[in-house]
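Q: Turn this into a model:
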Amino acid sequence: MAVHKKSLQGQLLLDNGKLGGSFFHRTVLLICQHDAEGAFGLVLNRNTGSKVGDALVADLPDTLKGQPLFLGGPVQPQALSYLHSEDFLPGANVMANLSVGHSLDELQDLSDSFSTTAKVRVFAGYAGWSPGQLDDEMKRDTWLTHPASLDLVFSPEPEKLWQFILKKKGWKYRLVAEAPEDPAVN
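A: Residues are numbered from 1 along each chain as shown. Sure, this is the predicted structure:
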């Protein structure tokens, strides 16, 4: 009989200070899917240094083309994903008022619709786990969890997100957040 595991969908995963040297060192991931098929997430705090318009040859508004392109993870860096939020988004597929999409056509449709409350963030690549893999990593204390919110997902300072969240989690994690990037230079 299979044991039901708690889904981490809609949660943030943070490097707990033990992932030095890996792609996920000091990352914050939003888990967009977590079920018996595996897990899928997007790194929220890894800017590629490029703009969306540099990576996508599509008819998109200049405001979207000028946004930073984020590296969602090490898997298929040419794959497109985006997070989309509205104040009221019925049928949201990640958490309340937040959806993930992968279709360029749908992204174009979103950018064509006028809304003053819409938020979009575009990602190249993603983080993926096979069935049971993320559950095993959680048992090995690889990640910290933190409740996701739209404010955190669309943080205006994503490069500071990992430290910001850790500092809110208490003194033990504040020490991790304030540790130097390379402990050898301490």
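Q: Pull the contacting residues for residue 43.
A: 24, 27, 28, 29, 70, 71, 72, 73, 123, 127 (C-beta atoms under 8 Å, 6 or more residues apart in numbering). Just so you know, the C-beta spots here come from the backbone N, C-alpha and C atoms, and that holds for glycine as well.
Q: Closest one of the residues you listed to residue 152?
A: Closest approach between the contacts of residue 43 and residue 152, by C-beta to C-beta: residue 28, at 7.8 Å.
Q: Near the closest one, how many residues? Count them for me, please.
A: Around residue 28 there are 28 other residues, counting by other C-beta atoms under 10 Å.
Q: Isn't it up against residue 160?
A: No: Residue 28 lies out of contact with residue 160 (C-beta atoms under 8 Å); the separation is 10.2 Å.
Q: about what we covered before: quick one, which of the contacts of residue 43 are buried?
A: Buried subset of these (neighbour count, 16 or more other C-beta atoms under 10 Å): 24, 27, 28, 29, 70, 71, 72, 73, 123, 127.
Q: mind listing the strands in the protein by residue range?
A: Shown for the chain, the strands assigned by DSSP state E span residues 11-15, 28-35, 38-43, 47-51, 68-71, 75-85, 98-101, 119-129, 143-147.
Q: In CSV: the ones you listed, plus mean pLDDT and distance to residue 62.
A: Below are the strands of the chain laid out as CSV (pLDDT from 0 to 100; distance: least, C-beta to C-beta, whole Å):
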stretch, mean pLDDT, distance to residue 62
strand 11-15, 97, 31
strand 28-35, 97, 26
strand 38-43, 97, 24
strand 47-51, 96, 10
strand 68-71, 97, 14
strand 75-85, 95, 17
strand 98-101, 96, 21
strand 119-129, 96, 14
strand 143-147, 96, 34
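Q: Between those strands, which one is closest to residue 177.
A: strand 11-15 (9.7 Å).
Q: so that closest one versus strand 143-147, what angle?
A: Using axes from the mean of the first three to the mean of the last three C-alpha atoms, to 10 degrees, the direction of strand 11-15 lies 150 degrees away from that of strand 143-147.
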